Structures are given as C-alpha cells and as structure tokens.
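1. Sharing a model that was predicted from the sequence below.
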Amino acid sequence: MQLKDYTISQNQNIKYSFGSIPPKFKKVDDYLIRGSSPTVVDIFKLKKEGVNQIYDFRHKCFRGMKFIEKLACKIAGIKYCRQPYSFLQGTLPTLEEYETIAKSVKENGEKGGITLFHCNSGYHRTALMTAFYSATKGDTVERCFSKNKTEYFDNVIKSVKTQVIDSHYFKRTYKTEKTINPIKYFKNEFNNRVVIATKNAYDDFLELIRYPKL
C-alpha cells in the first residue's frame, strides 16, 4: 500500500469506545483515546472512565475555549496540557515535542491513567500525534529504529494507515471550480489552503518518523 497517495480507505466505520464515553472519542490502546474537542459534560464523563490527562492541540486563537476546558479539567481533577499547533500557519510539532508527549502518555498509562488527545475536529493534529505515539509507544524514534528497524517500519505503516488515512485526515478535497460568488470564492480559497497545509504537515511528519520508502 502506497500511503503517500493520500487515498482514504474504504473502512470508515472503525469504532472503539470505553464504557460511557461518547462515540466521538476513539480508543487507541489502554493508555490513550483520541477525539474532537470535549464539552464540559464530556470532561466529567471522561474522568469517570479513568481519563486523568488531556492534551489540547488547538491553535492559540481558541483562547476562550482553552479557559473553559482548563477550568473544567481543574474541577474534575484532570491534568490539562496545552500544546497549540497550526498547520495552516506552519507551526508544526518538532520531533522532540512528539517524543515528549508520547512518553508522557506511556508514563501516565503505566501509573493507571488514561490520556485524551484532541484538537478541534480531531482529524489532523490529533491524527499525527496519535500515529506517532502508536508507532513508538512512548519511546524515541532513534531507539525504536535501532532496536528493530523492520518491526518499527511495520508499526509506522500500520499506525499511519489506522490513525491517519483511515481516520479522515484527507477528508477535505482541493476545489478547482470557478465562481464569481465572492463568498464561495474565499471559502474555496481557504479550503485549498487547509488542504495544502495538512498535506505539508503529513509529509513533514513522515520525514520525522522515518517513514519507509515503499
């Protein structure tokens, strides 16, 4: 399978869930779940299911939402970690940041906790961060690569397929239609900027994680 073709898999109905957590949250493993931004009600449901750490990857423009979520987490007794990124503005995670966050998930899980990854929709920043953790399980890329290169490449391919390709990362498509409607024109222009930005972020991610040349 050539994942660099950005082909969305036909399997669009992969669903995982913990007990009473809303279906917008998907289980990655016993240490991690992923999804879109949680409501206040969601946060207290997540706490009941064992979530004790949340990573919020939304861009800085979501300051108001950050305050509400941070306050709800404080009341619920959940550690709130703010790591803002914007693919559109080119602010991407570094390899060190990917590794630090993945290690945090592992260490929290080993103590009995569960971590939630989320951005806004849960399709882009969350997908890449989840794929990194899924491929490395909290270890560094260098150690994974040096311990067993073949096994690591297998994990990378599986993680990218499951957590990125099959999880609607390339849901948006490039718009080529011509229009004289200014609202539609600027809407299409914005859409195309997002498509290009997410593709660039994906390519950057593959380089960082040493995606195998197939």
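-> Received the coordinates, thanks. Numbering: from 1, shown residues only.
2. where does this protein dip in pLDDT?
-> 1-20, 61-65, 214 (pLDDT under 70).
3. Look through it and tell me its longest helix.
-> Counting by DSSP state H, the longest helix found in the chain is helix 182-208.
4. what's that one packed up against?
-> In terms of contacts (3 or more Cβ pairs under 8 Å, 6 or more residues apart in numbering; DSSP states H and E), helix 182-208 is packed against helix 125-136. Backbone N, C-alpha and C define where each C-beta goes, glycine included.
5. Show residues contacting the helix it packs on.
-> With Cβ atoms under 8 Å, 6 or more residues apart in numbering as the test, helix 125-136 has contacts from 28-29, 32, 34-36, 55, 57-58, 85, 87, 93, 98-99, 101-102, 105-106, 117-119, 144, 152, 155-156, 158-160, 162-164, 167, 169, 201-202, 205, 209.
6. for the very next helix or strand once past it, packing partners?
-> Reading on from helix 125-136 to the C-terminus, the next helix or strand found by DSSP states H and E is helix 141-147. Based on contacts counted as 3+ Cβ pairs under 8 Å, 6+ apart, the elements that helix 141-147 packs against are helix 149-163.
7. And the residue nearest in space to the middle of the chain, how close does it get to residue 132?
-> When the chain is reduced to its mean C-alpha position, the nearest residue by Cα atoms, centre = their mean turns out to be residue 126, at 1.3 Å. Relative to residue 132, residue 126 is positioned 11 Å away (criterion: Cβ to Cβ, to the nearest Å).
8. Over to residue 174?
-> Relative to residue 132, and taking Cβ to Cβ, residue 174 is found at 26 Å.
9. hang on, the earlier thing: check the contacts of helix 125-136 for burial and list the buried ones.
-> When the contacts of helix 125-136 are checked for burial by 16 or more other Cβ atoms under 10 Å, the buried set is 28, 32, 34-36, 55, 57-58, 85, 87, 93, 98-99, 101-102, 105-106, 117-119, 144, 152, 155-156, 159-160, 162-164, 167, 169, 201-202, 205, 209.
10. Check the gap between residue 93 and residue 128 for me.
-> The span separating residue 93 from residue 128 equals 8 Å under the rule Cβ to Cβ.
11. For the closest residue to residue 82 other than its chain neighbours, list each beta-bridge partner.
-> If the residues on either side of it in the chain are set aside, residue 82 comes closest to residue 56, at 5.3 Å by Cβ to Cβ, 6 or more residues apart in numbering. Counting by DSSP bridges, residue 56 is bridged to residue 82, residue 118.
12. Roughly how far does residue 56 sit from residue 37?
-> Per Cβ to Cβ, residue 56 is found 7 Å from residue 37.
13. Quick check: neighbours shared by those two?
-> Contact criterion Cβ under 8 Å, 6+ apart; residues bridging residue 56 and residue 37 by contacting each: 69, 118-119.
14. would you list the residues you listed in a markdown table and tack on distance to residue 140?
-> Output for those, formatted as a markdown table (distance: Cβ to Cβ, whole Å):
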| residue | distance to residue 140 |
| --- | --- |
| 69 | 29 |
| 118 | 24 |
| 119 | 24 |
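15. my guess is the residue nearest to residue 82 meets residue 81, correct?
-> Yes. With the criterion set as Cβ atoms under 8 Å, residue 56 and residue 81 qualify as a contacting pair; they are 7.0 Å apart.
16. quick one: which of the two has more around it?
-> More crowded of residue 56 and residue 81, by other Cβ atoms under 10 Å: residue 56, with 24 against 17.
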